[in-house]
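J.: All I have is the shape, not the residue letters:
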């Protein structure tokens with residue numbers, strides 16, 4: 001047992017010696033590194049200033065050296081940049097202060113005071129613009145003003161085709177703040193967009209972004225027709241924002257927030273608003289008659305692609321191939337022709353042989369959406385438009401008198 005203990009003590013002593021030797025080497029290395037750091041010139045730092053204080057009581061002091069601490073000071077922004085940021089911030093503050101009193105929270109008795117959507121006051125008669133899907137969500141509606149005063153609201157008119165509706169509230173004129181309607185025909189992609197509404201019931205919330213695109217169309221759940229010519233924005237639009245205004249930098253309404261595209265149901269940076277030029281066209285009819293009549297041509301079509309042009313040996317590269325013409329439609333009355341034969345393609349069967357639509361009133365039609373957007377923005381029932389078509393090798397101008405879209409379509 002004693003021999004065993006003696007052997008273990010020798011091994012322990014040997015390990016201790018080895019450890020001391022290794023620590024000595026490390027200590028020498030650390031001392032050398034620290035010494036070099038004390039005498040080295042600090043490397044320059046981009047966008048910052050470096051200072052070396054004379055004393056640094058908390059820093060390790062190498063033998064014969066001076067403690068070194070490098071303090072980085074961020075380079076200040078140029079005054080003009082700071083001023084520009086302050087001006088942009090103040091712009092949003094001013095727009096919110098001026099317009100938010102005109103934005104209302106729309107509720108229903110069964111919602112127990114929680115906003116089911118938004119709206120905004122457009123005149124001193126108490127008319128409130130909102131979305132059709134908000135206005136038809138309940139049989140009874142209430143409107144809460146900016147002063148938190150809640151009043152009953154009457155549904156004046158609604159149009160599912162544009163997702164617009166008008167409510168009316170009975171409020172003294174002096175209690176009404178009215179928005180200013182702007183212009184959406186000159187919108188530029190990239191310009192500022194400011195949304196005010198009641199997302200998730202959080203009253204009069206402001207979000208900002210830009211106009212991401214224009215001329216979008218969205219499908220409807222209740223019809224084969226689409227909602228036309230929408231503004232796309234990355235300003236956060238969430239449930240409860242529906243019916244609220246989308247504003248420009250001057251606080252003028254450029255659109256009515258209506259929908260988002262999202263897999264989760266929450267804002268994904270892709271929101272849509274009905275352009276104010278369509279609002280100007282639809283709202284007076286809703287106030288006057290309670291409904292809006294949409295102009296109609298009566299064709300179904302397919303946007304030309306390079307594959308389609310090659311497969312059918314078409315004479316033009318851009319336009320819309322007319323697949324079918326609705327019976328008793330303006331297009332049938334005017335003599336437009338749909339497909340007369342079927343062709344099997346990689347994507348399915350196509351009705352071939354119809355006219356190719358290339359312009360309406362001299363405005364080029366490259367996509368089927370171009371036709372939809374033009375009709376929604378610039379025409380009314382009873383107007384006569386000129387459709388330019390290619391039939392065979394011949395280009396023809398055909399006048400078409402627009403009638404009202406069939407009910408509930």
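T.: Right, received. Where do you want to start? In this text, all values refer to a predicted model and were calculated from it rather than measured experimentally.
J.: CA atoms for contacts and neighbours, from now on please.
T.: OK.
J.: Quick one: name whatever helix or strand follows the longest strand anywhere in the chain.
T.: Among the segments of the chain that qualify as a strand by DSSP state E, the longest is strand 205-219. Using DSSP states H and E, the helix or strand that follows strand 205-219 towards the C-terminus is strand 226-233.
J.: Check which helices and strands that following strand is in contact with.
T.: strand 205-219, strand 271-275, helix 368-378 (3 or more Cα pairs under 8 Å, 6 or more residues apart in numbering; DSSP states H and E).
J.: Partner strands of it, with direction?
T.: Each strand that pairs with strand 226-233, with its direction, by DSSP bridges: strand 205-219 (antiparallel), strand 271-275 (antiparallel).
J.: Nearest to residue 74, out of the ones you listed?
T.: Ranking those by proximity to residue 74 (Cα to Cα) places strand 205-219 first, at 28.4 Å.
J.: chain center to the closest one: distance?
T.: From the chain centre to the centre of strand 205-219 is a distance of 3 Å (Cα atoms, centre = their mean, to the nearest Å).
J.: Give me the residues contacting that strand.
T.: 96, 187-199, 225-236, 369-370, 373 (Cα atoms under 8 Å, 6 or more residues apart in numbering).
J.: Now render the helices and strands packed on strand 226-233 as a markdown table, adding distance to residue 178, mean pLDDT and mean neighbour count.
T.: Converted to a markdown table, the helices and strands packed on strand 226-233 look like this (distance: least, Cα to Cα, whole Å; pLDDT from 0 to 100; neighbours: other Cα atoms under 10 Å):
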| stretch | distance to residue 178 | mean pLDDT | mean neighbour count |
| --- | --- | --- | --- |
| strand 205-219 | 18 | 95 | 17 |
| strand 271-275 | 18 | 96 | 27 |
| helix 368-378 | 24 | 96 | 19 |
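J.: Let's have these in JSON lines, adding distance to residue 103.
T.: Shown next, in JSON lines, are the helices and strands packed on strand 226-233 (distance: least, Cα to Cα, whole Å):
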{"stretch": "strand 205-219", "distance to residue 103": "10"}
{"stretch": "strand 271-275", "distance to residue 103": "16"}
{"stretch": "helix 368-378", "distance to residue 103": "25"}
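J.: For the protein, name the helix or strand with the lowest mean pLDDT.
T.: Sorting the helices and strands of the chain by mean pLDDT, DSSP states H and E puts strand 48-51 at the bottom, at a mean of 41.
J.: How far away from the center of its chain is the following helix or strand past that strand?
T.: Downstream of strand 48-51, the next assigned helix or strand under DSSP H and E is strand 71-74. Relative to the centre of its chain, strand 71-74 is centred 39 Å away, using Cα atoms, centre = their mean.
J.: What pairs with strand 71-74, parallel or antiparallel?
T.: strand 48-51 (antiparallel).
J.: Just the buried positions in stretch 316-333, please.
T.: Using 16 or more other Cα atoms under 10 Å as the test for burial, stretch 316-333 gives 318, 319, 320, 321, 322, 323, 324, 325, 329, 330, 331, 332.
J.: would you say the fifth one is within a strand?
T.: Yes. Following the definition DSSP: H, G, I helix; E, B strand; the rest coil, residue 322 is counted among the residues of a strand.
J.: tell me the mean pLDDT over the strand or helix carrying residue 300?
T.: Applying DSSP H and E as the criterion places residue 300 in strand 299-303. For strand 299-303, mean pLDDT is 96.
J.: next SSE after that strand?
T.: Where DSSP H and E defines the elements, the next helix or strand beyond strand 299-303 is helix 306-312.
J.: List the buried residues for that following helix?
T.: So, applying 16+ other Cα under 10 Å, buried residues of helix 306-312: residue 308.
J.: Report the distance from that helix to the chain centre.
T.: Worked out by Cα atoms, centre = their mean, helix 306-312 lies 34 Å from the chain centre.
J.: cool, and stretch 230-243?
T.: From the chain centre to the centre of stretch 230-243 is a distance of 6 Å (Cα atoms, centre = their mean).
J.: now stretch 351-371
T.: For stretch 351-371, the distance to the chain centre is 28 Å (Cα atoms, centre = their mean).
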